[in-house]
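Trainee: fold the stuff below for me.
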Amino acid sequence: MDAIVEQLKSLALTEALPLLLKVIGALIIWFVGRTVISGFRKVLDMALQRRQLDATLIRYIGSLFTGALTMMLMVGILGLMGVETTSFAALIAAAGIAIGAAWSGLLANFAAGVFLLVLRPFRVGEEICAGGVVGIVQEIGLFVTTLDTSDNVRISVGNNQMFSDNIINYSHHPHRKMTVKVPLVHSADARTLMQALTDRMASVPGVQAKPAPQVEVAEFTLHGPVLAVCIFCKPTEFNDTQANVGEAVVEILQLANYGASVPAPSLAAEPPAVSKAG
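Mentor: Numbering: from 1, shown residues only. As a prediction, the model looks like this:
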């Protein structure tokens, strides 16, 4: 029994202890390396920002930089633990081919991300509609694009899905058109209301003076004409301006004592029941 205990002690000192020290050293190098990489990432971001590069390009370069250094750090740690890095590199290459064949969608997303960066249909901070999502672009990554919706939900959409779909950029132009429809009845004084709405739009917060607001007849219905209040505002102020325009329209209608009541359908009188004599 004593001989077995001595052999276990010898084995622990010769094999287990060096392996444990290597694992501890690898963990320390990993955490220190990740801290250094994060520091380099911040320095790179500041250097690119000083050159006044586009925010989209800065984040994309940062992602590539971080990924490359992290891969080098992993290879270095494996070499420290005694793993043959040359064979490991060949293994990575072979695994890359297999993964690339199996995960062709990731490569498509990567290629689409490059095209999004080069063609620039949108930038970070702009509000877009693409891939079935409406939101503000936060980051164009290697494989996905991250957006924040108006209800504060973060959604990541594959770059290939965004690039293959119609991309609507709401923030590209300096101003955006808004149309609010106001239904009227035939008895309403449409000309007076149109002039009142036109004058009121000039003082609504968020409505731009140029192009000037316009009020026109959009269509006719059985109950009466439908007015279209057309204004222009900044893309970043669209929601607030829409609420302000709605309040102004209600104000004008109330001042004009307008009520768009729809007449109730008439009910046919039922004939009285006739009792039959037995």
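
Trainee: surely P121 is in a helix?
Mentor: No: using DSSP: H, G, I helix; E, B strand; the rest coil, the assignment for P121 is coil, not a helix.

Trainee: touching stretch 214-221 from outside, list them.
Mentor: 179, 181, 183, 190, 194-195, 197-198, 201, 225-231 (C-beta atoms under 8 Å, 6 or more residues apart in numbering). (Each C-beta comes from the backbone N, C-alpha and C, glycine too.)

Trainee: any stretches of the protein with poor pLDDT?
Mentor: 1-17, 82-104, 259-278 (pLDDT under 70).

Trainee: ok, which stretches of this structure are helices?
Mentor: Under the criterion DSSP state H, the chain contains helices at 2-11, 17-50, 55-80, 85-102, 104-119, 159-163, 190-201, 238-255.

Trainee: between those, which one is nearest to C129?
Mentor: Closest to C129 of the helices of the chain is helix 159-163 (C-beta to C-beta; 10.2 Å).

Trainee: tell me which residues in that closest one are buried?
Mentor: Neighbour counts over helix 159-163 (16 or more other C-beta atoms under 10 Å) mark N159, N160, Q161, M162, F163 as buried.

Trainee: returning to what we had before: could you write me a ChimeraX select line covering just the buried ones among the contacts of stretch 214-221?
Mentor: Selecting just the buried residues from these in ChimeraX takes one command, with 16+ other C-beta under 10 Å as the test:
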select :190,194,197,198,201,225,227,229,230,231
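
Trainee: which one of the contacts of stretch 214-221 sits closest to T241?
Mentor: Taking these together and measuring to T241 by C-beta to C-beta, the closest member is I231, at 7.4 Å.

Trainee: next one: the closest one from Q52, what distance?
Mentor: From I231 over to Q52 the distance is 34 Å, taken as C-beta to C-beta, to the nearest Å.

Trainee: hang on, the earlier thing: out of the buried residues of helix 159-163, which is nearest to V114?
Mentor: Distances from V114 to those, taken by C-beta to C-beta, are shortest for N159, at 8.6 Å.

Trainee: nearest spatial neighbour of the residue nearest the centre of the chain, chain-adjacent residues omitted?
Mentor: In the chain, the residue lying closest to the centroid (C-alpha atoms, centre = their mean) is L147, at 1.7 Å. In this structure, L147 finds its nearest non-sequential neighbour in G135, 3.4 Å apart by C-beta to C-beta, 6 or more residues apart in numbering.

Trainee: burial of A212, as a residue count?
Mentor: Look at A212: counted by other C-beta atoms under 10 Å, it has 13 neighbours.

Trainee: before we move on, what about E251?
Mentor: By the measure other C-beta under 10 Å, the count of residues near E251 is 14.

Trainee: contacts only, for it.
Mentor: Residues near E251 by C-beta under 8 Å, 6+ apart: R200.

Trainee: what about 6 Å?
Mentor: Residues in contact with E251 (C-beta atoms under 6 Å, 6 or more residues apart in numbering): none are found.

Trainee: can you check G132 too?
Mentor: By C-beta under 6 Å, 6+ apart, G132 has no neighbours at all.

Trainee: heads up, I number from 56, so please use that
Mentor: Sure thing, new numbering starts at 56, so read that last one as G187.
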